[in-house]
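**Student:** have a look at this fold, sequence not included:
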């Protein structure tokens, strides 16, 4: 069987310190046929210059497409732009401040084949690295809890407190890959959504399944400038507002394909819980109480 084209998309913004390492790890991928799409979101620093310099002398087997948005579009819109420039059946999402093992794409392809070519999304373990690319152990010390199928989602009977700590539907975006049908069937990620993985993971369950690869394929950088960094009050409130946004997107996607009533009912329930969380975490006193309760569960 002829292998499909896979697209590795790199979305960058203000990552001049890390983007060369990221791009080089993309160029070293063992899988073929592979196209690499790099979309810079109008970085004011030298990120795009570093990208051009890194790829200009590349003469390997992979097709490379680079783009610089004339204006800053934001995370989800920049990803949608990268997807629009790609042609692969599977889309491997990468951030410009991470890097990855040379067999990353190959491992995702093998997982897709092992699923009978039916899996709609994938994520993997990762090596945590700092600003100097020094390793600090694995992201997951055991297989994380996640919903593999829509049946898992509907049968998830965990308490509200546990679901507040770990949502029912998620995927680790920095290590994720997706079937192109998640865009073909539903369209681009809604504007204003910060965590596109929350939307894409649910779409994967609506159309098929999610597969976890227990291998550290990505070097996941945690630093002051990363989206997921920080536990201060304003950051937590921002994350809660965004959760509400992507749950709204999940509800719209479920309605779009006339999903089962039970699915829509449960998403509405989670949306209501998210609204309550936004209220709780916006009040410092209540925020402290709830965080304490979450640690006990």
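**Tutor:** Structure received. Quick caveat, the model's predicted, so the values are computed rather than measured.

**Student:** so residue 124: helix, strand or coil?
**Tutor:** Assigned with DSSP: H, G, I helix; E, B strand; the rest coil, residue 124 falls in the strand class.

**Student:** what's the answer for the one 3 residues further on, then?
**Tutor:** With three-state DSSP as the basis, the three-state label of residue 127 is strand.

**Student:** which stretches of this protein have low pLDDT?
**Tutor:** 159-166, 223-241, 278-297 (pLDDT under 70).

**Student:** please name every helix or strand in contact with the biggest strand by length in the chain.
**Tutor:** As assigned by DSSP state E, the longest strand anywhere in the chain is strand 210-221. Judged by 3 or more C-beta pairs under 8 Å, 6 or more residues apart in numbering; DSSP states H and E, the packing partners of strand 210-221 are strand 99-100, helix 104-114, strand 121-129. (C-beta placed from N, C-alpha, C; glycine too.)

**Student:** identify the residues contacting the residue most central in space within the chain.
**Tutor:** Centroid-nearest residue in the chain: residue 173, 1.9 Å away (criterion: C-alpha atoms, centre = their mean). Residue 173 sits next to 93, 123, 195-197 when contact means C-beta atoms under 8 Å, 6 or more residues apart in numbering.

**Student:** one more pass at 10 Å, please.
**Tutor:** 75, 79, 93-95, 123, 195-198, 200-201, 227-228 (C-beta atoms under 10 Å, 6 or more residues apart in numbering).

**Student:** one more: residue 26?
**Tutor:** 8-10, 34, 36-38, 54-55, 58, 62, 64, 92, 94, 99-100, 102, 104-105.

**Student:** try it again at 7 Å.
**Tutor:** Going by C-beta atoms under 7 Å, 6 or more residues apart in numbering, residue 26 touches 8, 10, 36.

**Student:** give me the three-state assignment for it.
**Tutor:** Put simply, residue 26 is helix when judged by three-state DSSP.

**Student:** gap between it and residue 38?
**Tutor:** Note on residue 26: its distance to residue 38, by C-beta to C-beta, to the nearest Å, is 8 Å.

**Student:** overlap in contacts of these two?
**Tutor:** residue 10.

**Student:** re earlier: now rank the contacts of residue 173 by neighbours and give me the top one.
**Tutor:** residue 201 (30 neighbours; other C-beta atoms under 10 Å).

**Student:** ok, the nearest residue to that residue once chain neighbours are set aside - how many residues close by?
**Tutor:** Residue nearest to residue 201 in three dimensions, not counting chain neighbours: residue 171, with 4.0 Å by C-beta to C-beta, 6 or more residues apart in numbering. Per other C-beta under 10 Å, the neighbour tally for residue 171 reads 27.
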